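Participant: Here's my sequence, what's the structure:
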Amino acid sequence: MRQPTDTHVHDFSFVRADEVAPEILHAAFTGAFADYLIGPFQIPFAQWPMFLARQGVDLPLSRVALDAAGAPLAFAFVAQRPVSNRWRLATMGALPAARGTGAAPALLDDFIARAAAAGMRAVELEVFAQNDRARRLYEGRGFRRQHDLFGYVAEPGAIAPSTAGALHAIDMPHLLAWLDAAERRLPDLPLQVTAATIRHGIDYHGWQTADSQIVFSLPDETVMVHSFIAPREADARALIQALAAVYPERRLRVPQLQREDLGGAALRALGAVPQPLHQQLMLRPL
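Facilitator: Residues are numbered from 1 along each chain as shown. Presented below is the predicted three-dimensional model:
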(Lines give C-alpha, C1' and ligand atoms only; values in the text may rest on other atoms or scores of the structure.)
Protein backbone atom coordinates (compact mmCIF):
# COMPACT_ATOMS: atom_id res chain seq x y z
CA MET A 1 0.00 0.00 0.00
CA ARG A 2 1.27 3.49 -0.85
CA GLN A 3 2.29 5.40 2.23
CA PRO A 4 0.72 8.84 2.83
CA THR A 5 2.96 11.77 2.02
CA ASP A 6 2.77 13.59 5.33
CA THR A 7 4.41 16.62 6.85
CA HIS A 8 4.73 16.55 10.64
CA VAL A 9 3.66 19.67 12.50
CA HIS A 10 3.70 19.65 16.30
CA ASP A 11 1.73 16.56 17.43
CA PHE A 12 -0.26 16.07 14.24
CA SER A 13 0.56 15.35 10.63
CA PHE A 14 -0.88 16.37 7.26
CA VAL A 15 -1.90 13.94 4.54
CA ARG A 16 -3.49 14.45 1.16
CA ALA A 17 -7.26 14.17 1.32
CA ASP A 18 -7.30 11.47 -1.36
CA GLU A 19 -5.23 9.33 1.02
CA VAL A 20 -8.06 9.27 3.57
CA ALA A 21 -10.93 6.84 3.10
CA PRO A 22 -14.02 8.67 1.76
CA GLU A 23 -16.23 7.49 4.61
CA ILE A 24 -13.72 8.78 7.19
CA LEU A 25 -13.44 12.12 5.39
CA HIS A 26 -17.22 12.40 5.22
CA ALA A 27 -17.56 11.60 8.93
CA ALA A 28 -14.95 14.24 9.80
CA PHE A 29 -16.80 16.84 7.74
CA THR A 30 -20.11 15.98 9.38
CA GLY A 31 -18.57 16.21 12.84
CA ALA A 32 -16.83 19.51 12.15
CA PHE A 33 -20.03 21.17 10.96
CA ALA A 34 -22.39 19.69 13.56
CA ASP A 35 -22.51 23.07 15.34
CA TYR A 36 -22.19 25.28 12.27
CA LEU A 37 -23.36 28.89 12.39
CA ILE A 38 -26.30 28.25 10.04
CA GLY A 39 -27.16 24.86 11.55
CA PRO A 40 -25.80 21.32 11.17
CA PHE A 41 -24.41 20.72 7.69
CA GLN A 42 -25.34 17.11 7.04
CA ILE A 43 -24.77 15.55 3.63
CA PRO A 44 -25.76 11.91 3.08
CA PHE A 45 -22.74 9.82 2.16
CA ALA A 46 -24.34 8.95 -1.19
CA GLN A 47 -24.29 12.68 -2.07
CA TRP A 48 -20.73 13.27 -0.85
CA PRO A 49 -19.04 12.92 -4.28
CA MET A 50 -21.45 15.43 -5.82
CA PHE A 51 -20.89 17.89 -2.97
CA LEU A 52 -17.13 17.76 -3.58
CA ALA A 53 -17.64 18.15 -7.32
CA ARG A 54 -19.93 21.16 -6.92
CA GLN A 55 -17.37 22.81 -4.66
CA GLY A 56 -14.61 22.09 -7.18
CA VAL A 57 -12.64 20.21 -4.51
CA ASP A 58 -9.31 18.82 -5.69
CA LEU A 59 -8.62 16.02 -3.20
CA PRO A 60 -4.90 15.63 -4.05
CA LEU A 61 -4.44 19.37 -3.34
CA SER A 62 -6.51 19.21 -0.15
CA ARG A 63 -5.06 18.29 3.23
CA VAL A 64 -6.26 16.54 6.40
CA ALA A 65 -4.60 16.90 9.80
CA LEU A 66 -4.33 13.59 11.64
CA ASP A 67 -3.51 12.91 15.27
CA ALA A 68 -0.84 10.42 16.38
CA ALA A 69 -3.35 7.58 16.09
CA GLY A 70 -4.26 8.53 12.52
CA ALA A 71 -7.67 10.02 13.30
CA PRO A 72 -8.75 13.25 11.55
CA LEU A 73 -8.53 16.48 13.52
CA ALA A 74 -9.18 19.06 10.80
CA PHE A 75 -9.25 19.44 7.04
CA ALA A 76 -8.74 22.06 4.35
CA PHE A 77 -10.39 21.38 0.99
CA VAL A 78 -8.87 23.19 -2.00
CA ALA A 79 -10.38 24.14 -5.35
CA GLN A 80 -8.43 25.52 -8.28
CA ARG A 81 -9.49 28.75 -10.04
CA PRO A 82 -7.39 28.55 -13.22
CA VAL A 83 -8.93 31.61 -14.91
CA SER A 84 -7.73 33.88 -12.10
CA ASN A 85 -4.64 31.79 -11.24
CA ARG A 86 -5.83 31.29 -7.67
CA TRP A 87 -6.54 28.53 -5.22
CA ARG A 88 -9.79 28.64 -3.28
CA LEU A 89 -10.18 27.37 0.25
CA ALA A 90 -13.40 25.51 -0.52
CA THR A 91 -14.05 24.66 3.11
CA MET A 92 -12.03 24.24 6.26
CA GLY A 93 -13.18 22.69 9.49
CA ALA A 94 -11.98 21.15 12.74
CA LEU A 95 -13.70 18.55 14.85
CA PRO A 96 -14.88 20.04 18.17
CA ALA A 97 -12.29 18.09 20.19
CA ALA A 98 -9.50 19.41 17.93
CA ARG A 99 -10.30 23.09 18.30
CA GLY A 100 -7.51 24.92 20.03
CA THR A 101 -4.89 22.35 19.02
CA GLY A 102 -3.53 24.60 16.26
CA ALA A 103 -4.40 22.09 13.54
CA ALA A 104 -6.72 24.43 11.61
CA PRO A 105 -4.37 27.46 11.63
CA ALA A 106 -1.51 25.18 10.58
CA LEU A 107 -3.60 23.86 7.68
CA LEU A 108 -4.34 27.43 6.63
CA ASP A 109 -0.65 28.37 6.72
CA ASP A 110 0.14 25.26 4.70
CA PHE A 111 -2.56 26.13 2.15
CA ILE A 112 -1.13 29.63 1.66
CA ALA A 113 2.45 28.40 1.42
CA ARG A 114 1.64 25.65 -1.09
CA ALA A 115 -0.36 28.05 -3.27
CA ALA A 116 2.57 30.48 -3.32
CA ALA A 117 4.99 27.66 -4.17
CA ALA A 118 2.69 26.61 -7.03
CA GLY A 119 2.89 30.10 -8.53
CA MET A 120 -0.64 31.23 -7.70
CA ARG A 121 -1.35 34.96 -7.77
CA ALA A 122 -3.69 34.82 -4.77
CA VAL A 123 -5.84 32.62 -2.55
CA GLU A 124 -9.51 33.20 -1.84
CA LEU A 125 -12.37 31.98 0.33
CA GLU A 126 -15.87 32.80 1.50
CA VAL A 127 -16.75 33.15 5.16
CA PHE A 128 -19.89 34.19 6.98
CA ALA A 129 -19.34 37.71 8.25
CA GLN A 130 -20.94 36.71 11.56
CA ASN A 131 -18.50 33.82 12.05
CA ASP A 132 -16.12 35.92 14.13
CA ARG A 133 -13.72 33.11 15.03
CA ALA A 134 -13.10 32.05 11.43
CA ARG A 135 -13.10 35.59 10.04
CA ARG A 136 -10.48 36.74 12.56
CA LEU A 137 -8.31 33.73 11.71
CA TYR A 138 -8.42 34.61 8.02
CA GLU A 139 -7.83 38.31 8.62
CA GLY A 140 -4.84 37.41 10.78
CA ARG A 141 -3.37 35.58 7.79
CA GLY A 142 -3.77 38.55 5.45
CA PHE A 143 -7.17 37.87 3.87
CA ARG A 144 -9.21 40.99 3.13
CA ARG A 145 -12.85 41.43 2.18
CA GLN A 146 -13.42 42.02 -1.52
CA HIS A 147 -17.21 41.74 -1.70
CA ASP A 148 -20.18 41.12 0.55
CA LEU A 149 -22.30 38.19 -0.62
CA PHE A 150 -25.94 38.42 0.45
CA GLY A 151 -28.86 36.05 0.17
CA TYR A 152 -32.38 37.24 -0.63
CA VAL A 153 -35.96 36.07 -0.28
CA ALA A 154 -39.04 37.49 -1.97
CA GLU A 155 -42.47 36.14 -1.15
CA PRO A 156 -45.03 35.72 -3.96
CA GLY A 157 -46.30 39.10 -5.07
CA ALA A 158 -43.47 41.07 -3.43
CA ILE A 159 -41.84 41.90 -6.79
CA ALA A 160 -43.83 43.70 -9.46
CA PRO A 161 -43.91 41.48 -12.56
CA SER A 162 -42.82 42.61 -15.99
CA THR A 163 -41.98 40.97 -19.30
CA ALA A 164 -40.28 44.04 -20.72
CA GLY A 165 -36.76 43.71 -22.10
CA ALA A 166 -35.11 41.45 -24.63
CA LEU A 167 -34.40 38.22 -22.77
CA HIS A 168 -34.53 34.63 -23.93
CA ALA A 169 -34.16 31.12 -22.58
CA ILE A 170 -30.91 29.27 -23.33
CA ASP A 171 -29.78 25.66 -23.14
CA MET A 172 -27.08 24.34 -20.82
CA PRO A 173 -24.15 24.42 -23.31
CA HIS A 174 -24.77 28.10 -24.13
CA LEU A 175 -25.41 28.89 -20.46
CA LEU A 176 -22.05 27.39 -19.46
CA ALA A 177 -20.21 29.10 -22.32
CA TRP A 178 -21.61 32.45 -21.17
CA LEU A 179 -20.45 31.74 -17.60
CA ASP A 180 -16.96 30.87 -18.82
CA ALA A 181 -16.78 34.20 -20.65
CA ALA A 182 -18.18 36.06 -17.63
CA GLU A 183 -15.51 34.58 -15.37
CA ARG A 184 -12.79 35.86 -17.70
CA ARG A 185 -14.12 39.42 -17.78
CA LEU A 186 -15.46 39.81 -14.23
CA PRO A 187 -13.01 39.31 -11.35
CA ASP A 188 -13.97 37.80 -8.00
CA LEU A 189 -16.99 35.71 -8.92
CA PRO A 190 -17.73 33.08 -6.25
CA LEU A 191 -16.94 29.67 -7.68
CA GLN A 192 -20.47 28.45 -6.91
CA VAL A 193 -22.02 30.81 -9.48
CA THR A 194 -19.59 29.86 -12.26
CA ALA A 195 -19.56 27.01 -14.75
CA ALA A 196 -17.41 24.88 -12.41
CA THR A 197 -20.43 24.39 -10.13
CA ILE A 198 -23.39 25.10 -12.40
CA ARG A 199 -22.39 22.34 -14.85
CA HIS A 200 -23.42 19.81 -12.19
CA GLY A 201 -26.97 21.16 -11.96
CA ILE A 202 -30.05 19.12 -12.80
CA ASP A 203 -33.12 20.68 -14.41
CA TYR A 204 -31.56 24.14 -14.41
CA HIS A 205 -33.04 26.91 -16.54
CA GLY A 206 -31.17 29.89 -17.97
CA TRP A 207 -32.38 33.27 -19.17
CA GLN A 208 -30.31 36.03 -20.72
CA THR A 209 -30.44 39.64 -21.72
CA ALA A 210 -27.73 41.20 -23.85
CA ASP A 211 -25.23 41.43 -20.97
CA SER A 212 -26.65 39.40 -18.09
CA GLN A 213 -27.75 35.91 -17.15
CA ILE A 214 -29.76 34.15 -14.46
CA VAL A 215 -29.73 30.42 -13.77
CA PHE A 216 -32.51 28.90 -11.66
CA SER A 217 -34.41 25.74 -10.80
CA LEU A 218 -37.95 25.14 -9.59
CA PRO A 219 -37.97 22.97 -6.46
CA ASP A 220 -41.23 22.73 -4.53
CA GLU A 221 -42.92 26.14 -4.61
CA THR A 222 -39.69 28.08 -5.00
CA VAL A 223 -37.69 29.75 -7.73
CA MET A 224 -34.17 28.91 -6.56
CA VAL A 225 -31.55 31.15 -8.13
CA HIS A 226 -28.17 29.44 -8.56
CA SER A 227 -26.30 32.11 -10.52
CA PHE A 228 -27.26 35.73 -11.16
CA ILE A 229 -24.68 37.87 -12.93
CA ALA A 230 -26.05 41.19 -14.10
CA PRO A 231 -23.60 44.11 -14.37
CA ARG A 232 -26.32 46.49 -15.63
CA GLU A 233 -29.15 47.24 -13.20
CA ALA A 234 -31.69 47.51 -16.03
CA ASP A 235 -30.86 43.96 -17.11
CA ALA A 236 -30.97 42.73 -13.52
CA ARG A 237 -34.42 44.21 -13.05
CA ALA A 238 -35.67 42.76 -16.33
CA LEU A 239 -34.58 39.24 -15.39
CA ILE A 240 -36.02 39.32 -11.85
CA GLN A 241 -39.30 40.92 -12.92
CA ALA A 242 -39.65 38.37 -15.72
CA LEU A 243 -39.33 35.60 -13.13
CA ALA A 244 -42.06 37.29 -11.08
CA ALA A 245 -44.26 37.41 -14.18
CA VAL A 246 -43.77 33.78 -15.22
CA TYR A 247 -43.85 32.30 -11.68
CA PRO A 248 -46.12 34.63 -9.70
CA GLU A 249 -47.08 31.98 -7.10
CA ARG A 250 -43.54 30.98 -6.19
CA ARG A 251 -41.18 32.31 -3.55
CA LEU A 252 -37.86 33.63 -4.89
CA ARG A 253 -34.70 32.51 -3.07
CA VAL A 254 -31.14 33.61 -3.73
CA PRO A 255 -28.34 32.03 -1.64
CA GLN A 256 -25.64 34.02 0.18
CA LEU A 257 -23.48 34.27 -2.94
CA GLN A 258 -24.91 37.39 -4.56
CA ARG A 259 -22.66 40.37 -5.20
CA GLU A 260 -24.38 43.72 -4.78
CA ASP A 261 -22.89 45.13 -7.97
CA LEU A 262 -23.98 42.18 -10.11
CA GLY A 263 -27.66 42.05 -9.26
CA GLY A 264 -27.97 42.40 -5.50
CA ALA A 265 -28.80 46.10 -5.58
CA ALA A 266 -31.60 45.44 -8.07
CA LEU A 267 -33.02 42.67 -5.90
CA ARG A 268 -33.15 45.04 -2.92
CA ALA A 269 -34.72 47.81 -4.99
CA LEU A 270 -37.41 45.46 -6.30
CA GLY A 271 -38.41 44.34 -2.79
CA ALA A 272 -36.42 41.16 -2.13
CA VAL A 273 -35.39 40.93 1.52
CA PRO A 274 -31.67 40.47 2.32
CA GLN A 275 -31.09 37.65 4.79
CA PRO A 276 -29.53 38.40 8.21
CA LEU A 277 -26.52 36.14 7.70
CA HIS A 278 -24.26 36.99 4.80
CA GLN A 279 -20.84 35.98 3.52
CA GLN A 280 -17.72 37.83 2.55
CA LEU A 281 -15.54 36.95 -0.40
CA MET A 282 -11.99 37.34 0.91
CA LEU A 283 -8.72 37.48 -1.01
CA ARG A 284 -5.05 37.24 -0.04
CA PRO A 285 -2.49 38.20 -2.70
CA LEU A 286 0.64 36.05 -2.83
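Participant: ok, which stretches of the stretch 151-286 of the chain are strands?
Facilitator: According to DSSP state E, counting those that start in this stretch, the stretch 151-286 of the chain carries its strands in the segments 168-170, 205-208, 213-217, 222-229, 251-259, 273-274, 279-285.
Participant: can you put these in JSON lines and add mean pLDDT, mean neighbour count and distance to Ala195?
Facilitator: Backbone N, C-alpha and C define where each C-beta goes, glycine included. Shown next, in JSON lines, are those (pLDDT from 0 to 100; neighbours: other CB atoms under 10 Å; distance: least, CB to CB, whole Å):
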{"stretch": "strand 168-170", "mean pLDDT": "87", "mean neighbour count": "12", "distance to Ala195": "13"}
{"stretch": "strand 205-208", "mean pLDDT": "96", "mean neighbour count": "20", "distance to Ala195": "11"}
{"stretch": "strand 213-217", "mean pLDDT": "97", "mean neighbour count": "22", "distance to Ala195": "10"}
{"stretch": "strand 222-229", "mean pLDDT": "98", "mean neighbour count": "22", "distance to Ala195": "9"}
{"stretch": "strand 251-259", "mean pLDDT": "98", "mean neighbour count": "22", "distance to Ala195": "14"}
{"stretch": "strand 273-274", "mean pLDDT": "98", "mean neighbour count": "16", "distance to Ala195": "26"}
{"stretch": "strand 279-285", "mean pLDDT": "98", "mean neighbour count": "19", "distance to Ala195": "18"}
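Participant: Among those strands, which comes closest to Asp67?
Facilitator: Minimum separation from Asp67 across the strands of the stretch 151-286 of the chain (CB to CB) falls at strand 279-285, 28.1 Å.
Participant: all strands of the stretch 1-150 of the chain, in order?
Facilitator: With DSSP E, counting those that start in this stretch, the ranges of strands along the stretch 1-150 of the chain come out as 7-9, 12-16, 63-66, 72-81, 86-94, 122-128, 144-154.
Participant: Can you say which of the strands of the stretch 151-286 of the chain is nearest to Phe75?
Facilitator: Nearest to Phe75 among those is strand 279-285 (18.9 Å), distances taken as CB to CB.
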